[in-house]
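> need coordinates for the below:
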Amino acid sequence: MSAESNLSQVSSILFICMGNICRSPTAEAVFRQKSEKKGLDLHIDSAGTIGSHAREKPDHRAQKAGVARGYNFDKIKARKVTEQDFSQFDLILAMDEQNIKDLKKVAPKEHLHKVHLFLEFANSFSDTEVPDPYYGGAKGFQYVLDLVEDASDGLIEKLKK
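This next block holds a predicted model:
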C-alpha cells in the first residue's frame, strides 16, 4: 500500500531512524517548521528503533547544520519508538530500509500500513533512503537536510491536496 493512499486523514506523523539523534530529529524539525508555515495543524514527533540515546538532545552536528538553515531543535529529545506510537500516529516515516524492517518486527499487524519510507515523498532526488551521517563529516548532515527538505515539501504538497 502506498503512503499516499490515505493522506487526507493524516493528523499525526512520526519520523523514525535508528538512534533518533541525527536523521529523524532533523526531519521532525524541518517538517514541523515547513508544515506550520503552510498552515497545517499536525502532531509531529520523532523516535528511534533503539533507545541507547533516550533523553539526549539531537547530535550537535545535526543541530548546527539545521540551525544554519533556520530550523529549531530546542524541544527535541531522543526516545525509542513504543507500541503506542503505532496507534497514536497516522503516518510513520522511516529513514531507511533497516528502520522499516525493525519497525515491522514490533508494529501491531493492524498498523503495518502506516509504515513507509520518508523519501517516497521526495520530488528532486531519486534516493530511497536517507543515509546515516553519524560517522561522516559535515557534508553528510547537509545532504540529509537536502533530502529531508525535499521529502518534506513533497509530503506537504500531498497533504494539502
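> all strands for this protein, in order.
12-17, 43-48, 91-94, 115-117 (DSSP state E).
> okay if I get these as JSON lines plus mean pLDDT, distance to residue 102 and mean neighbour count?
Backbone N, C-alpha and C define where each C-beta goes, glycine included. What follows is the strands of the chain, written out as JSON lines (pLDDT from 0 to 100; distance: least, Cβ to Cβ, whole Å; neighbours: other Cβ atoms under 10 Å):
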{"stretch": "strand 12-17", "mean pLDDT": "98", "distance to residue 102": "8", "mean neighbour count": "26"}
{"stretch": "strand 43-48", "mean pLDDT": "98", "distance to residue 102": "9", "mean neighbour count": "22"}
{"stretch": "strand 91-94", "mean pLDDT": "98", "distance to residue 102": "8", "mean neighbour count": "26"}
{"stretch": "strand 115-117", "mean pLDDT": "97", "distance to residue 102": "10", "mean neighbour count": "19"}
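> residue 129: which of those strands is closest?
Nearest to residue 129, of all those, is strand 115-117, at 6.9 Å by Cβ to Cβ.
> and the contacts of the closest one?
2-3, 91-97, 100, 103-104, 107, 128-129 (Cβ atoms under 8 Å, 6 or more residues apart in numbering).
> repeat that for stretch 127-144.
17-19, 21-23, 26-27, 59, 61-62, 64-65, 95-97, 117-120, 147-148, 151.
> which of these are buried, as a PyMOL select command?
Those of the contacts of stretch 127-144 that count as buried under 16 or more other Cβ atoms under 10 Å are selected in PyMOL with:
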select buried, resi 17+18+19+21+22+23+26+27+59+61+62+65+95+96+117+118+119+147+148+151
